[in-house]
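Enquirer: sequence plus the predicted model coming up.
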Amino acid sequence: MIGVIGLRGLRIHCIIGIHPHERVEEQPLLLDVEVEQDFAAASSSDDFAHTSDYAAMADTLTQLARRRQYQLLETFAEEAASLLFAQFTGVQCLRLEIRKPQAVDAAEASFVRIERTREAGDHAG
């Protein structure tokens, strides 16, 4: 029973970007993350231990962005995917979109989007 757990519009204020003003002033990012995992154990037991904690995912992503102060959204996206797979072992596949609303004045936001699947041999608990 594969299902999806996720966050839509997670707001993170952090240093991100390549321009000098972006290196000194925090700006908002908006993240959407969806993770696929087997819901069988969680749904049959109604036990939190058998699922991924989306509040913990939000905290993980926020801490990563704030700590690393990325220049590129692409780097943040790839490192975020790797960290989510490492910390949430039940995740089989993830989709992540990161939007930067203040990047281009004439656009609602710039963005990157990735989809990654856990590699064979990775622990899937």
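Expert: Now that the structure is in, tell me what you want to look at. Residues are numbered from 1 along each chain as shown.
Enquirer: apart from its neighbours in sequence, what residue is nearest G3?
Expert: F39 (4.0 Å; C-beta to C-beta, 6 or more residues apart in numbering). (C-beta placed from N, C-alpha, C; glycine too.)
Enquirer: check contacts around the nearest residue to I16 once chain neighbours are set aside.
Expert: Nearest non-adjacent residue to I16, counting by C-beta to C-beta, 6+ apart: Y70, 5.1 Å away. Y70 is in contact with C14, I16, F76, counting by C-beta atoms under 8 Å, 6 or more residues apart in numbering.
Enquirer: helix, strand or coil for the closest residue to the last one other than its chain neighbours?
Expert: The shortest distance from F76 to any non-neighbouring residue, by C-beta to C-beta, 6+ apart, is to Y70 (4.4 Å). Assigned with DSSP: H, G, I helix; E, B strand; the rest coil, Y70 falls in the coil class.
Enquirer: from Y54, how far out is Y70?
Expert: As for Y70, its distance to Y54 is 22 Å (criterion: C-beta to C-beta, to the nearest Å).
Enquirer: repeat for I12
Expert: I12 is 15 Å from Y54, by C-beta to C-beta.
Enquirer: the more surrounded of these two?
Expert: Taking other C-beta atoms under 10 Å, I12 and Y54 do not tie; I12 has more neighbours (20 against 15).
Enquirer: so in terms of bridging, what pairs with that one?
Expert: Taking DSSP bridges, one obtains L29 as the residues bridged to I12.
Enquirer: phi, psi of D59?
Expert: phi -60, psi -40 (degrees, to the nearest 10).
Enquirer: next, count neighbours for it.
Expert: 11.
Enquirer: now tell me which helix or strand of this structure has the poorest mean pLDDT.
Expert: Within the chain, no helix or strand scores below helix 40-45, which has a mean of 92 by mean pLDDT, DSSP states H and E.
Enquirer: please identify the buried residues of that one?
Expert: Buried positions in helix 40-45, judged by neighbour count with 16 or more other C-beta atoms under 10 Å: A42.
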